[in-house]
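Q: Mind folding the following:
(chains A, B, C, D, E and F)
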Protein chains: 6
Amino acid sequence: MKLGFVSAILPDLSLEEVVQFAAEEGFSCVELMCWPKGKAERRYAGVTHLDVANLKKPDAQRTHKMLAAAGMRISSLGYYPNFLAPDTTAAKKYIEHFKKVIAAADVLGVGLVTSFIGRDWTKSVDDNWPQFKKVWKPLVKFAEDRGVRIAIENCPMFFTKDEWPGGKNLAYCPAVWRRMFDEIPSANFGLNYDPSHLLWQQIDYLQPMREFRDRIFHAHAKDARVDKNRLNEVGILATPLEYHSPKLPGLGDVDWGKFFSVLGDTGYKGPVCIEVEDRAYEVTLETRKEALRQSARFLRQFIPQKV
Amino acid sequence: MKLGFVSAILPDLSLEEVVQFAAEEGFSCVELMCWPKGKAERRYAGVTHLDVANLKKPDAQRTHKMLAAAGMRISSLGYYPNFLAPDTTAAKKYIEHFKKVIAAADVLGVGLVTSFIGRDWTKSVDDNWPQFKKVWKPLVKFAEDRGVRIAIENCPMFFTKDEWPGGKNLAYCPAVWRRMFDEIPSANFGLNYDPSHLLWQQIDYLQPMREFRDRIFHAHAKDARVDKNRLNEVGILATPLEYHSPKLPGLGDVDWGKFFSVLGDTGYKGPVCIEVEDRAYEVTLETRKEALRQSARFLRQFIPQKV
Amino acid sequence: MKLGFVSAILPDLSLEEVVQFAAEEGFSCVELMCWPKGKAERRYAGVTHLDVANLKKPDAQRTHKMLAAAGMRISSLGYYPNFLAPDTTAAKKYIEHFKKVIAAADVLGVGLVTSFIGRDWTKSVDDNWPQFKKVWKPLVKFAEDRGVRIAIENCPMFFTKDEWPGGKNLAYCPAVWRRMFDEIPSANFGLNYDPSHLLWQQIDYLQPMREFRDRIFHAHAKDARVDKNRLNEVGILATPLEYHSPKLPGLGDVDWGKFFSVLGDTGYKGPVCIEVEDRAYEVTLETRKEALRQSARFLRQFIPQKV
Amino acid sequence: MKLGFVSAILPDLSLEEVVQFAAEEGFSCVELMCWPKGKAERRYAGVTHLDVANLKKPDAQRTHKMLAAAGMRISSLGYYPNFLAPDTTAAKKYIEHFKKVIAAADVLGVGLVTSFIGRDWTKSVDDNWPQFKKVWKPLVKFAEDRGVRIAIENCPMFFTKDEWPGGKNLAYCPAVWRRMFDEIPSANFGLNYDPSHLLWQQIDYLQPMREFRDRIFHAHAKDARVDKNRLNEVGILATPLEYHSPKLPGLGDVDWGKFFSVLGDTGYKGPVCIEVEDRAYEVTLETRKEALRQSARFLRQFIPQKV
Amino acid sequence: MKLGFVSAILPDLSLEEVVQFAAEEGFSCVELMCWPKGKAERRYAGVTHLDVANLKKPDAQRTHKMLAAAGMRISSLGYYPNFLAPDTTAAKKYIEHFKKVIAAADVLGVGLVTSFIGRDWTKSVDDNWPQFKKVWKPLVKFAEDRGVRIAIENCPMFFTKDEWPGGKNLAYCPAVWRRMFDEIPSANFGLNYDPSHLLWQQIDYLQPMREFRDRIFHAHAKDARVDKNRLNEVGILATPLEYHSPKLPGLGDVDWGKFFSVLGDTGYKGPVCIEVEDRAYEVTLETRKEALRQSARFLRQFIPQKV
Amino acid sequence: MKLGFVSAILPDLSLEEVVQFAAEEGFSCVELMCWPKGKAERRYAGVTHLDVANLKKPDAQRTHKMLAAAGMRISSLGYYPNFLAPDTTAAKKYIEHFKKVIAAADVLGVGLVTSFIGRDWTKSVDDNWPQFKKVWKPLVKFAEDRGVRIAIENCPMFFTKDEWPGGKNLAYCPAVWRRMFDEIPSANFGLNYDPSHLLWQQIDYLQPMREFRDRIFHAHAKDARVDKNRLNEVGILATPLEYHSPKLPGLGDVDWGKFFSVLGDTGYKGPVCIEVEDRAYEVTLETRKEALRQSARFLRQFIPQKV
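A: Okay, the predicted model is just below:
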């Protein structure tokens, strides 16, 4: 496995600075955020460490060189908008940009992009299905044609009343994953596996790693702490952030020893990227950097450093 | 405490037959369903054991006599529609009928009615609040004026996609109860406490009995079994019946010894009515009767029989 | 469901006395032991409440009449030898007698027999498989031809060093059941489901009731208590009675509320027969009778009495 | 085992009435309170169902006759003062009266008395030891000489600040029992085993039944509920009633199935007397009687009724 | 948060040596022991790393310089005697010295002192209350006047029979903290929060960090291991060291990931000082130093290193 | 305690290379494999880092020098064949070679050898006992005479059907250890304590460290993960690798904080050697080296580094 991080937490750094920080701290890879240049729509979104819209061959070569010099790898190109947003004009733009991300993954030889399925959050899974098929069948085909794999993160994208009631990503549970891969059985369509979202949904996060072992293309290391005292007040029908908090690995309820134990047994050798969404660490650039360092200190007891 | 049952499970019996069955089986009381005569709108709804719309003094006297002869008491008059339904014409009819139920509770000397708050299930709690105030302030006042108490059952009324996403009853968790009683602090406004709904929402069902001891006017004995194997497939964002099943007391996860232990310590002396919504027992009138008998056999080890 | 008991615990009573006791105590059925007349080979074995070897039409009619008079039903004819015993002469005799049991089940209109697969306990499951196929394919066919179903109890038949290391019954876990039913997919071949044996093997005894819902033809209500203090001394590699004790329902670790809850949800309507193997209750005929009464008192809180 | 109750909860009834109630409710025995006539010193103390100070042969014969007529047995004569009280004048009186209780147990053929060791609650166990030896060696000898056994209840007699800090009975934990029986190894010196006191002290109440199987002469069926919410406020250094409540069997944390399971396996055949100290049931004579009935309903699922 | 340690474990080192060790090992701060020079009264007491009785301005300046050179901070000046000792002459001396500690905290610009409330261990909390008020109202006023805050450690100071039964510090549980801060509501009066003492008292150590978030001025990182096997022998009424052992962080039952997770979420940015009271590490100066190093290795996976 | 590793995982390295790797990675000691030169019989066996059969004085001196230069110690000489194998010719060869290992431990001044008892896996513990006595009494005497201690690893040596049913080492549980040390009470006969084997046997691995504190001469740090999903399929009667996997420390179910906590409290100061049998890390020499590094990173938070 290769320990890295999601670059979204360092929006104030340039690509070169991100790579240099990663190298200094002993990381093996980085998941690079590739949002279109412009204003972020929500927390953790909108970061552009690689401007795929304007990526030319020479840019790619320069990037390659810079990475090689730092001994760093790109684990994936990340772009996480809502492809099934009710605002279809917006959704179309997202899809167009995603194709550029896929194309860039091809040009750069990264071979992997990470994203969400999206969801019209006011509708049920069933009612989103026709649009899912319409959007994703061509997208997966587009990636297949370029030899690029797509890893969908299993985050429900449901936090507060803004995403109530359905959240903005369909791919939130094993039952839906099975349905997705039945619908689009391409070998280029898989998961960006993050155990923390399963944890607070009270889904066993170990057993699916066995069933979906061939679908796990990328993994996120984020943690979550469920607060029983809050659950006692509002119950599981509340919006999720009312009863849980995203935290750094080691500061939540995920059993990381077990996570890496089972992941290793499935034969997974891919990237595991720390994703920081812990508000206690978001104060300054320095605390955000330290969040990555602390997470790495914690995780390295469960993960090989150099192999 | 007085062991009884909710009459909704015996729609095929007349009032006299219900009372006779209750007496034969050693029950102390019955919560009588008082829906308007007509077609049921949903499972367990629409039963009319007491036709309050046409209840005249002489009817009340006859009922009294019949009950006295059987040594039976009415624990409450029950009517559970959606007073905050988006269909405001329907909601108005429900309110009008509820006033008749309250009036009947006065006339019959029962002094207690049981119901839901209701909810526009497509809206958040906050967005339902103005309508809650508008509907319930006058209703509670109406009951107060007649010396009748209203006990609201704490069921989220959220089972399948029909009630998605919000359910059809606001009063589903301690945080909302506190807000309700702050808004309408009348001593005639309280709870019909059912631990099973708290259980599957993962809310401690013991501690609130202490905090809300003065608000618990009536209790339901229903159980629920949460299926971890199902949760592992769909998680807590699924519709509730995907991961839990309503069951007879003793066939679910509620710890009834603890429930009666704490309830007794709070000084509660009121009715505890078995509510049958266990599909395994709904086949015939005889299995539904046996469901009540079996539940009573189970519960009587935790509850005094005659005092 | 129909509450009954296994007649092996009352060897001192005649068939008539067994049936009368069952009727007096409110049981709905009895699983009748049908060993060949003669000396018992092991504890709980060798009881002959019905002498199938000499059962003639008139006997059957007399038995029918006697049962009808008592309002009692036979849940199954039980005979539990080791059909795969290394002593092949003995095994052949067992098989011959079993055919008579099956024939008797046909003649009496019982339609169900209960037994073990058997096992050469010195050999692995794999090494027993050829003999399993050889013995059981014709046996199941024999039963099919007579419209009789065979329910195999899931007891490993491994208690002390006498059955070390493999036990005397192959059908001890879900993995083996699946293999059995794949090998012999007859609809007349199923399980006599006893949760206590799964419990001490540390196998979830609830989930298989869902998967094998169509295979559960009969159930045993026996309990088992695992002693952690003993496990700490000898571990799970010890012979099973070193760390667990068979007990009456309610005196062990099985959660009977959950057991009947899930069993009911699968639609099971068949017999549930109390099997007494609790040494604390085996002193006298009277304590053994009381063991059945106490077990029934315990179980009736989770099971309908008359339907 | 023989199900009975401690007569202290029925102080308003005469001996004849107690016995008649016991017979009507199907109990097998009663532990009779034998305090000296006069004013009670504390809750549950001071009840005199048998006036041992004035018991003459003819009284004993009358009592025998009355019991035989009702088919009732005395499980033990109970008297529970503080023999090691700092007020040595009082302690001497207690000892004198206890000898009369022992003598009465002999005369009546009961053969068993139940009591506490006592304790100077302001002193440690060690500092009480010399007085323990001085008082108890002769007392046990006195009982031995009459063929009477003494069963010491394992209650710490520590509830509120009145008994702070040490409680009024030394025999509260296995470590002290071992020391007691090493000091006075008489076969007539044993335990009146009550699991509820061990439970709230967080001592395994199952394992000691194995180690002390030859010392358990009598047992009390009382329960206790530990309230985690209270512990979170005051911790285990608080006085015990700040974090736990004595309750009827089934309304607390004792696992009674396991209790009777292990007790039965040790070969115990003696009395198990329900002790009611649940304030929710102490309101009237009728609620106290119902407390005994309810406890019996609960316990009889785990205990033989007639043998 | 700033990781440091309590200097009491290094009595053989001078202040300079302590500071140098701290710097070499990457600690951010030290809680300096300020007992009066002389003989220690108990284990871990009596250490004088700063002689506040003789602290002159120039000493303070020298100390400042030395600390600045090492890049080290003093988290607090610590002095932990029993201000409510029954020996009032001794208590007065303690109070006088504590004022010097407070004054030194002012002079040195540390602004924080750490201590106990004290307790007459032979008396209840209530009976200590008058003396608490008498001693602490002026002490808190004294500190307020100098802009110094006082953080009271929540240790019951109850280990063996020496402190039986009440322990030597009143501030041992949330119920008492609430009462303390109600009595003396000064913003300069708070807690030195140590989760290990709450753990063995079986008090949730996470929830109080939320309620008392404004009162936590300092924290101790010590762990404790409760031994269930010992509890089974002696129960919770024993002296605490009979059933638990103070241990280094990571070697006990505290969930440090959760501790820092919740502490971080409350916005705490203050010192967290390792307190070593683990007898397995007290053999030599080198093992005690290694205890600090090992604890730091363990804790740094949950805590930022430099920010 | 001294952190080291078992050299069997590095068969491709020479003794010098092993020692150098150990030194570079900060280990304090190595358990050296001393199998006879030749072909390995099973996974992890057959490694020869020290050729004891041909060890001459000068070799010993050279080895000493080399170790001293690297600052490394040999924790033990390890050789783990089956001394009780049914093939008695092979067993005799093993015994002869083991004597050479013991002699080498004397010559090298190591003073400790590590091994198994062995077992005829087709026979019960009782049936192996005569051979155990016959083989081990002289072996222990042989070691005693040379001042060498023997530490027996508590591995059942039961993994798959190859060792079915009894495993190849008698010393697998506390009950057997007690019997072993009663039979051969020599102070030179002890344990090489590995918690992982106790864990999957479901034996408490903490409490025996207290009882056998004087018998623990060496310890292995290996972990094991029990898979509940597999247990649910096959139960505890399956071969052990069907339901558990050996894993690196931190990737299994052992609570290492508790392990070192209790081990430290017993006064243990000896070696703790990481044993790698985690198939996920066995791919290349580099992954096996990294397995040791990762394990050390994990364990060092619970263990002193230099003392």
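Q: Do you know the pLDDT at A:Leu248?
A: Model confidence at A:Leu248, given as pLDDT, is 98.
Q: pretty sure it is in contact with A:Arg297, am I right?
A: No: with contact defined as Cβ atoms under 8 Å, A:Leu248 and A:Arg297 do not form a contacting pair (10.3 Å). All C-beta spots, glycine's among them, are computed from the backbone N, C-alpha and C.
Q: Among those two, which residue is more densely surrounded?
A: Legend: neighbour count by other Cβ atoms under 10 Å in any protein chain shown for A:Leu248 and A:Arg297, higher for A:Leu248 (30 against 20).
Q: what residues are up against the more buried one?
A: A:222-223, A:274, A:276, A:278, A:281, A:291, A:294-295, A:298 (Cβ atoms under 8 Å, 6 or more residues apart in numbering or on different chains).
Q: run the last query once more with 6 Å
A: Contact analysis of A:Leu248 by Cβ atoms under 6 Å, 6 or more residues apart in numbering or on different chains lists A:278, A:291, A:295.
Q: From chain E, how far out is the residue nearest to A:Ser186 when sequence neighbours are not counted?
A: Distances taken as Cβ to Cβ, 6 or more residues apart in numbering or on different chains put A:Val140 closest to A:Ser186, at 4.9 Å, once the chain neighbours are dropped. According to Cβ to the nearest Cβ, to the nearest Å, A:Val140 stands 38 Å off from chain E.
Q: hang on, A:Val140 in a helix?
A: Yes: according to DSSP: H, G, I helix; E, B strand; the rest coil, A:Val140 belongs to a helix.
Q: State the number of residues packed around the residue of chain A found nearest chain C.
A: Closest approach between chain A and chain C, counting by Cβ to the nearest Cβ: A:Gln207, at 12.7 Å. A:Gln207 has 16 neighbours, counted by other Cβ under 10 Å.
Q: so what's it up against?
A: F:Asn229.
Q: is it true that A:Asp204 touches B:Asn232?
A: Yes: if you go by Cβ atoms under 6 Å, A:Asp204 and B:Asn232 touch, sitting 4.6 Å apart.
Q: Same drill for those two, tell me which one is more crowded.
A: Neighbours per residue (other Cβ under 10 Å) separate A:Asp204 from B:Asn232, with B:Asn232 holding more: 21 against 18.
Q: and the more buried one, that one's in a strand?
A: No: the assignment for B:Asn232, made by three-state DSSP, is helix rather than a strand.
Q: quick one: pLDDT of it?
A: pLDDT at B:Asn232 comes out at 98.
Q: I'd like the distance between it and C:Gly257.
A: Using Cβ to Cβ, to the nearest Å, B:Asn232 is found at 22 Å from C:Gly257.
Q: ok, and for the helix or strand of chain A with the lowest mean pLDDT, which residues are buried?
A: Sorting the helices and strands of chain A by mean pLDDT, DSSP states H and E puts helix A:57-70 at the bottom, at a mean of 93. For helix A:57-70, burial by neighbour count (16 or more other Cβ atoms under 10 Å in any protein chain shown) applies to A:59-60, A:63, A:67, A:70.
Q: picking that back up, burial count for the residue nearest to A:Ser186?
A: Neighbour tally, A:Val140, other Cβ under 10 Å: 21.
Q: In contact with it, which residues?
A: A:184, A:186, A:189.
Q: Which of these has the largest number of neighbours?
A: For the contacts of A:Val140, neighbours tallied by other Cβ under 10 Å; top is A:Phe189, 22 neighbours.
Q: need the contact list for it.
A: Per Cβ under 6 Å, 6+ apart, neighbours of A:Phe189: A:140, A:150.
Q: how near is it to D:Asp182?
A: A:Phe189 is 73 Å from D:Asp182, by Cβ to Cβ.
Q: Same question for A:His244.
A: Separation of A:His244 from D:Asp182 (Cβ to Cβ): 54 Å.
Q: Compare neighbour counts for these two and give me the winner.
A: A:His244 (22 against 8).
Q: so the more buried one sits right up against A:Asn229, yeah?
A: No: contact criterion Cβ under 6 Å: A:His244 and A:Asn229 do not qualify, at 11.7 Å.
Q: which bits of chain A sit near chain F?
A: A:207, A:257, A:261, A:264-265, A:300-302, A:304, A:307 (Cβ under 6 Å from any Cβ of the partner chain).
Q: who wins for neighbours among those?
A: Ranking the residues of chain A next to chain F using other Cβ under 10 Å puts A:Phe302 first, with 26 neighbours.
Q: Could you check how far it is from F:Gly252?
A: Distance from A:Phe302 to F:Gly252, by Cβ to Cβ: 11 Å.
Q: again, but for A:Met157
A: A:Met157 is 34 Å from F:Gly252, by Cβ to Cβ.
Q: repeat for A:Ala105
A: From A:Ala105 to F:Gly252 the distance is 37 Å (Cβ to Cβ).
Q: still on that earlier bit, using CSV, write down the CA coordinates of the least confident helix or strand of chain A.
A: Extracted in CSV, the C-alpha atoms of helix A:57-70 (Å, rounded to 0.1, in the frame of the first residue of the first chain):
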residue,chain,number,x,y,z
LYS,A,57,1.4,17.7,-23.6
PRO,A,58,4.3,20.0,-22.5
ASP,A,59,2.5,20.7,-19.2
ALA,A,60,2.2,17.0,-18.7
GLN,A,61,5.8,16.4,-19.4
ARG,A,62,6.8,19.2,-16.9
THR,A,63,4.6,17.7,-14.3
HIS,A,64,6.1,14.3,-14.9
LYS,A,65,9.5,15.6,-14.5
MET,A,66,8.7,17.5,-11.3
LEU,A,67,7.1,14.5,-9.8
ALA,A,68,10.0,12.2,-10.7
ALA,A,69,12.4,14.7,-9.2
ALA,A,70,10.5,14.6,-5.9
